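[1] Fold the following.
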Amino acid sequence: MEYVYAALLIDAAGKPVTEQELMNVVKAAGFTPDEARAKAVVASLKDVDIKDVIKNAQNMQVQAAAAPAQQAQAAPKKEAKEEKKNEEEAAGGLASLFG
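    Model prediction:
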């Protein structure tokens, strides 16, 4: 995970994400650099615009937050019917106790 964070920091600084830059940031953060991990992260980020990915992720969060709000508006009607049915069943059960 530290390599992903390092890549984000490097990109935010406006520098190209390279193996050496990743290892420098990881080392500066107090971790032991691993060349294989650095190579893997650089390879996986090839042709990826990090700023664009972050922008799209933020848009997805806004859309995801709106969906539950829409569902919440529809839910009370259904819950009210279920509560009334449960109350009627409970009342019927109590009535059988008193015979």
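
[2] check which helix or strand covers Ile54.
    helix 50-98 (DSSP states H and E).

[3] average pLDDT across that helix?
    Helix 50-98 comes out with an average pLDDT of 68.

[4] cool, stretch 19-30 as well?
    96.

[5] Give the buried residues for it.
    In terms of neighbour count (16 or more other C-beta atoms under 10 Å), stretch 19-30 has its buried residues at 19, 21-23, 25-26. C-beta here means a position set from N, CA and C on the backbone, and glycine is covered the same way.

[6] Pick the one among those closest to Ala7.
    Relative to Ala7, the closest of these is Leu22; by C-beta to C-beta it sits at 6.4 Å.

[7] which SSE is the closest residue to that closest one other than its chain neighbours in?
    The shortest distance from Leu22 to any non-neighbouring residue, by C-beta to C-beta, 6 or more residues apart in numbering, is to Ala38 (4.3 Å). Secondary structure from DSSP H and E places Ala38 in helix 35-44.

[8] quick one: contacts of that helix?
    3-4, 6-7, 17-20, 22-23, 26 (C-beta atoms under 8 Å, 6 or more residues apart in numbering).
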